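# Model the structure of this input:
(chains A, B, C and D)
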Protein chains: 2
Amino acid sequence: MKTIDTKAAAAAPQMRPYHHGDLASALLDAAERELTDKGFEGFSLRGVAKRAGVSHAAPAHHFQDVNGLLTELAARGFERLVSRQLAFRKKADPEPRAQIGASVLGYIAFAVENPSLFRLMFGSQRPDFNGERLVQAARSAFDDLVALAAKATGNSDPPDKDHTALVDVAGVWAVAHGLADLLSAGRLPLLHNLPEAIRNQIILKLVERVVEPVQPS
Amino acid sequence: MKTIDTKAAAAAPQMRPYHHGDLASALLDAAERELTDKGFEGFSLRGVAKRAGVSHAAPAHHFQDVNGLLTELAARGFERLVSRQLAFRKKADPEPRAQIGASVLGYIAFAVENPSLFRLMFGSQRPDFNGERLVQAARSAFDDLVALAAKATGNSDPPDKDHTALVDVAGVWAVAHGLADLLSAGRLPLLHNLPEAIRNQIILKLVERVVEPVQPS
DNA sequence: CCGCAAACCTGACAGCGTCAAGATAAGATC
DNA sequence: GATCTTATCTTGACGCTGTCAGGTTTGCGG
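Reported below is the predicted structural model:
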């Protein structure tokens, strides 16, 4: 008979509502809380299981091991990173360079809002970066930026032969990631202590410099 | 000064004396090997002790705990980061902007050469960043860059009121750190697969863009 | 209704960091 | 030179971790 818990079925109808209902996503939620609470170095699989209210060995049935769980967590992180950038772009001027600036601001905002997740995504070796899932999620963020840079500088097509296009992409990527990493770690007090408006202004100015080739008049 | 017992050393060189002589630095050496071998996430204090040939509890007499050892390791890392930058600067043109470029190349070279140590220094929360030792070592790297940027742009004195000087410093810092982090993690294959000469050329071009304020006239 | 397989639990194992207590060597004091 | 002191290092134990083996519950297909 249909003795399925209604709220569990409503929460994730496509998942298998066997015992717990949807332990897989419940574990992911718990894992994210564990990550933000304990940091990615204090992360514990047993702690996640306890948060989800299951035994310490239950996660093994949904994720191969703790690294598998972290891999899925990182993949979701990359997807959210992209959507954060898109949200910033939506509210910005459609002009390509403004879009790049908005993307960078979104990138940095994500890192500051989710420092532990950001470290897991870029600083950890525990997620499986050979897996299809994670690779694709990570690449989508990159491809987005490449396309934007190409539109802004007029250098079309993927950057290969011509290094000038490469400089643009690498520059934006580097500035965004460098600021994101330093700011999310609180390692750049000069910028960190500024009011957000001014800080964003500075960031945008930096992006302007990087993306615009120096014109020798 | 520590003098190893002569008869013990002469009689059986492979049989270590009860008192090591200079275990503190031996542990640091072993810790660095452990770090490069196992990565900063697989790092184990017991593994370090085994490498140094002592019992698992011996390190406690020289470092408060594993985080204390990692703190010292990170502090030495910052010192080496500075010296690596200085080495690059020595071989470069004394002109301020060339010096900045050399510094960035040194920064990146250090990160690529010591990826695990770099993560420990910037991505980990285990070292004690409140301790005097580590703070001073980390600041020296930063101050160096600030002084250089001031010299290059003509904006003297520490960057405080005027944000333009701040943009310069933050820009160079961000580009250097962003590229260093991404390259050392192999997360920027576009640049990573290029021959080093071309890669350095691109990096220098990027630094040029960031450090040079856009001149409207 | 029955059986089966998926989902979950209990218990065990080795490895980890750390504390307590004992053993040893080096130096100080007499 | 003998004894005391103290720093150094070892051994053993504790609770924590991730993972595996085997047993138990649960829902679904026959």
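# I'd like to know which residues of chain A are adjacent to chain B.
Within chain A, the positions near chain B by Cβ under 8 Å from any Cβ of the partner chain are A:39, A:41, A:119, A:122-126, A:159, A:163, A:166-167, A:169-171, A:173-179, A:181-182, A:185, A:187-188, A:190-191, A:198, A:201-202, A:205-206, A:208-210, A:212-214. (C-beta placed from N, C-alpha, C; glycine too.)
# Buried ones among those?
The neighbour count (16 or more other Cβ atoms under 10 Å in any protein chain shown) marks A:39, A:119, A:122-124, A:126, A:159, A:163, A:166-167, A:169-171, A:173-179, A:181-182, A:185, A:187-188, A:190-191, A:202, A:205-206, A:208-210 as buried among these.
# Summarise which helices and strands the helix or strand in which A:R133 is found is packed against.
A:R133 is part of helix A:132-153, with elements assigned from DSSP states H and E. Contacts defined by 3 or more Cβ pairs under 8 Å, 6 or more residues apart in numbering or on different chains; DSSP states H and E place helix A:132-153 against helix A:66-90, helix A:96-113, helix A:163-184, helix A:196-211.
# highest average neighbour count across those?
Greatest average neighbour count among these goes to helix A:163-184 (a mean of 24), per mean count of other Cβ atoms under 10 Å in any protein chain shown.
# show me what contacts A:A74?
Shown in contact with A:A74 (Cβ atoms under 8 Å, 6 or more residues apart in numbering or on different chains): A:L117, A:L120, A:M121, A:S124, A:P127, A:L134, A:A137.
# give the contact list for the third one.
The neighbours of A:M121, taking Cβ under 8 Å, 6+ apart as the test, are A:A74, A:G77, A:F78, A:L81, A:P127, A:A138.
# And for the first one?
Taking Cβ under 8 Å, 6+ apart as the criterion, A:L117 is in contact with A:E32, A:L35, A:T36, A:F40, A:L73, A:A74, A:G77.
# same thing but 6 Å
A:G77 (Cβ atoms under 6 Å, 6 or more residues apart in numbering or on different chains).
# Let's test this: mean pLDDT of stretch A:172-188, rounded?
Throughout stretch A:172-188, pLDDT has a mean value of 96.
# Phi, psi for A:S124 please.
phi -100, psi 150 (degrees, to the nearest 10).
# that older thread, greatest separation within the contacts of A:M121: which pair is it?
A:L81 and A:P127 (13.9 Å; Cβ to Cβ).
# about what we covered before: okay, the angle between the helix holding A:R133 and helix A:96-113?
Relative orientation of helix A:132-153 and helix A:96-113, computed by axes from the mean of the first three to the mean of the last three Cα atoms, to 10 degrees: 140 degrees.
# How far does helix A:132-153 sit from its chain's centre?
Counting by Cα atoms, centre = their mean, to the nearest Å, helix A:132-153 is centred 12 Å from the centre of its parent chain.
# how near is A:G53 to DNA strand D?
14 Å (Cβ to the nearest atom of the strand, to the nearest Å).
# repeat for A:R46
Relative to DNA strand D, and taking Cβ to the nearest atom of the strand, A:R46 is found at 4 Å.
# Show me where chain A dips below the pLDDT cut-off.
A:1-20, A:155-162, A:213-217 (pLDDT under 70).
# Could you list the domains of it?
A:6-61, A:66-211 (automatic domain parsing).
# For chain B, what's the nearest residue on chain A?
Going by Cβ to the nearest Cβ, chain B is nearest to A:G178 of chain A, at 2.7 Å.
# looking at it, that residue is touching B:H177, isn't it?
Yes - counting by Cβ atoms under 6 Å, A:G178 does reach B:H177; the two are 4.2 Å apart.
# one step back: can you check which of the helices and strands packed on helix A:132-153 gets nearest to DNA strand C?
helix A:66-90 (13.0 Å; Cβ to the nearest atom of the strand).
# which SS class is the residue nearest to A:A102 when sequence neighbours are not counted?
Leaving out its chain neighbours, the residue that sits closest to A:A102 by Cβ to Cβ, 6 or more residues apart in numbering or on different chains is A:A92, at 3.6 Å. At A:A92 the chain is in coil, as set by DSSP: H, G, I helix; E, B strand; the rest coil.
# Got phi/psi on A:A92?
Taking degrees, to the nearest 10 as the convention, A:A92 sits at phi -110, psi 170.
# Could you check how many residues crowd around it?
Applying other Cβ atoms under 10 Å in any protein chain shown, we find 17 residues neighbouring A:A92.
# From A:A147, how far off is it?
According to Cβ to Cβ, to the nearest Å, A:A92 stands 16 Å off from A:A147.
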